[in-house]
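compute the structure for the input listed below.
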Amino acid sequence: MDDDASASRRDGASKRPRLEDVAARVGVSTASVSLVLRGVPGPSERTRQRVLKAAAELGYQVDRTASLLASRRTRLLGVMVDIHSPFHADLVEHLHTAAEEVGYDLVLSTQTRTRDEHTAVETLLAFRSEALILLGPTASGDALAALDRKAPVIAVGRRIADADLDVVRSADDDGVGQVVDHLVELGHRAITYVDGGKGVIATDRRRGYRAAMRRHGLDAHIGVLRGDNTEAAGERAARQLLDGAELPTAIVAFNDQSAIGVLAALSRAGVAVPGEVSVVGYDDDALSRLSCFNLTTVSQSAREQARHAVIAAVERLDQGRTESREVVLTPRLVLRGTTAERV
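Residues are numbered from 1 along each chain as shown. Coordinates of the predicted model:
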């Protein structure tokens with residue numbers, strides 16, 4: 001193959017289509033093309049379709065880096081996520097969709113057993129995130145308020161009573177109360193709760209369980225076992241119950257992962273679910289929907305939480321809102337195959 005052919009091919013490969021090329025193909029101004037590609041109202045629907053078709057045919061891609069440098073903005077929303085949480089995975093998927101609809105993108109920073117919340121947040125700031133969407137943060141209200149002075153903070157999933165911050169969450173105490181109401185309607189009285197450990201979310205769900213049990217006159221049946229947000233904690237709690245004198249007829253777990261651990265331990269012990277014991281989780285994560293678990297649970301509406309979180313960020317960044325706001329969504333009981341009437 002001769003050198004001229006190779007050079008010609010290199011030149012062709014290196015010549016990227018420009019905004020002007022798209023405009024020439026369609027016969028409109030570069031300003032109109034720019035408006036269409038940025039999703040800004042103005043051009044007619046016919047022009048919009050023609051521009052998008054021409055851009056696709058030419059292989060034109062928006063130079064995001066150049067446009068952001070020109071505007072001195074990143075249009076990035078930083079999201080802190082617990083890598084071990086299936087529910088957080090659901091939230092991130094919906095956050096991506098909601099952010100793209102308003103012209104933003106996400107930067108993710110993970111919280112793990114060896115990487116704490118502070119490190120995750122500092123990484124988001126290092127990437128010049130314009131706002132921070134923190135999923136289930138555990139930092140104090142004062143610490144989050146100090147962080148909010150660096151970049152707008154939206155706390156998702158957690159009640160924050162001691163700081164003026166944007167919060168998007170579901171009413172956790174009400175969600176667990178719905179679970180207890182459902183089990184009582186099925187005839188259950190001995191209903192045990194597997195706790196979620198420390199933190200505001202765990203506190204709210206535990207309080208919801210106790211309040212609902214008292215509301216039904218079941219004070220004598222209140223039982224809270226130590227746990228956390230893992231399958232292993234659910235297994236340990238179930239083994240503790242199996243070693244006791246008598247099993248409860250229903251077990252409510254802090255979240256779906258813990259509930260799956262309960263199911264695993266009961267299955268190994270030969271205890272039928274829901275025939276002998278009903279089991280309920282919380283979160284309605286992807287695992288709970290698998291046919292092998294078919295877990296009755298509580299939906300926090302990940303899609304709506306994500307949508308409201310992005311709206312809050314955009315209002316702070318682009319619309320000048322300065323006062324804090326809390327959005328509290330009503331959770332929804334999702335009935336599946338792990339609860340049944342007490343026999």
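
secondary structure element for the most centrally placed residue in the chain?
By CA atoms, centre = their mean, the mean C-alpha position of the chain lies nearest to Leu91, the distance being 2.1 Å. Per DSSP states H and E: Leu91 is located in helix 86-101.

now that helix: buried residues?
Judged by neighbour count (16 or more other CB atoms under 10 Å), helix 86-101 contains these buried residues: Pro86, Phe87, His88, Asp90, Leu91, Val92, His94, Leu95, His96, Ala98, Ala99. Placement of C-beta: from N, CA and C, glycine included.

same question, stretch 131-142
Result for stretch 131-142 [16+ other CB under 10 Å]: buried residues Ala131, Leu132, Ile133, Leu134, Leu135, Gly136, Pro137, Thr138, Ala139, Gly141.

shouldn't the first one be in contact with Pro152?
Spelled out, that is Ala131. Yes - counting by CB atoms under 8 Å, Ala131 does reach Pro152; the two are 4.2 Å apart.

shared neighbours, the two?
Ala313, Arg316, Leu317 (CB atoms under 8 Å, 6 or more residues apart in numbering).

for the buried residues of helix 86-101, which one is nearest Thr230?
The shortest approach to Thr230 among the buried residues of helix 86-101 belongs to Pro86, at 11.6 Å (CB to CB).

for Gly270, give me its contacts.
By CB under 8 Å, 6+ apart, no residues touch Gly270.

thinking again about what came up before, so which of the buried residues of stretch 131-142 is the closest to Ala309?
When those are compared for distance to Ala309 (CB to CB), Ile133 wins out at 5.1 Å.

A strand includes the closest one, no?
Yes - counting by DSSP: H, G, I helix; E, B strand; the rest coil, one finds Ile133 located in a strand.

residues near Glu323, how many?
Glu323: 6 surrounding residues under other CB atoms under 10 Å.

typed the wrong thing, it's Arg214
By other CB under 10 Å, 12 other residues sit near Arg214.

might you report the residue contacts of the nearest residue to it once chain neighbours are set aside?
Spatial nearest neighbour of Arg214, chain neighbours left out: Ile222 (7.6 Å); criterion: CB to CB, 6 or more residues apart in numbering. Listed by CB under 8 Å, 6+ apart, the contact set of Ile222 reads Tyr193, Tyr209, Arg210, Met213, Arg214.

try Arg336
Residues near Arg336 by CB under 8 Å, 6+ apart: Ser288, Asn294, Leu295, Thr296, Thr297.

ok, these vs Leu218, which is closest?
Nearest to Leu218 among the contacts of Arg336: Thr296, at 19.1 Å, using CB to CB.

tell me who's in contact with that closest one.
Residues near Thr296 by CB under 8 Å, 6+ apart: His182, Ser278, Val279, Val280, Gly281, Leu333, Val334, Leu335, Arg336, Gly337, Thr338, Thr339.

inside strands: which ones of the residues you listed?
Ser278, Val279, Val280, Leu333, Val334 (DSSP state E).

most neighbours of all the residues you listed, which one?
In terms of neighbours by other CB under 10 Å, those top out with Val280 at 30 neighbours.

would you confirm that that one contacts Val180?
No - counting by CB under 8 Å, Val280 stays clear of Val180, with 9.1 Å between them.

which residues are in contact with both of those two?
Overlap of the contact sets of Val280 and Val180 (by CB under 8 Å, 6+ apart) consists of Val252.

where along the stretch 101-250 of the chain do the helices fall?
117-126, 141-148, 172-185, 200-215, 231-242 (DSSP state H, counting those that start in this stretch).

same list (the ones you listed) but as TSV, adding mean pLDDT and distance to Val328.
Below are these laid out as TSV (pLDDT from 0 to 100; distance: least, CB to CB, whole Å):
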stretch	mean pLDDT	distance to Val328
helix 117-126	94	23
helix 141-148	93	17
helix 172-185	98	9
helix 200-215	97	11
helix 231-242	97	27
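
re earlier: of the contacts of Ile222, just the buried ones, PyMOL syntax please.
To isolate the buried members of the contacts of Ile222 in PyMOL, using 16+ other CB under 10 Å:
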select buried, resi 193+209+210+213
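
closest to Glu304 among the contacts of Ile222?
Nearest to Glu304 out of the contacts of Ile222 is Tyr209 (CB to CB; 23.9 Å).

quick check, the closest one in contact with Thr192.
No - between Tyr209 and Thr192 there is no contact under CB under 8 Å: 9.4 Å.

for my notes, confirm Gly78 occurs in a strand.
Yes - under three-state DSSP, Gly78 sits within a strand.

quick one on the thing from earlier: give me the common contacts of Tyr209 and Thr192.
Both Tyr209 and Thr192 are in contact with Val224, Val252, where contact means CB under 8 Å, 6+ apart.

pLDDT at Ala5, what is it?
Looking at Ala5, its pLDDT reads 44.

quick one: the nearest residue to Met213 once chain neighbours are set aside and Ala211, what's the gap?
Nearest non-adjacent residue to Met213, counting by CB to CB, 6+ apart: Ile222, 4.9 Å away. When distance is defined by CB to CB, to the nearest Å, Ile222 is 10 Å away from Ala211.
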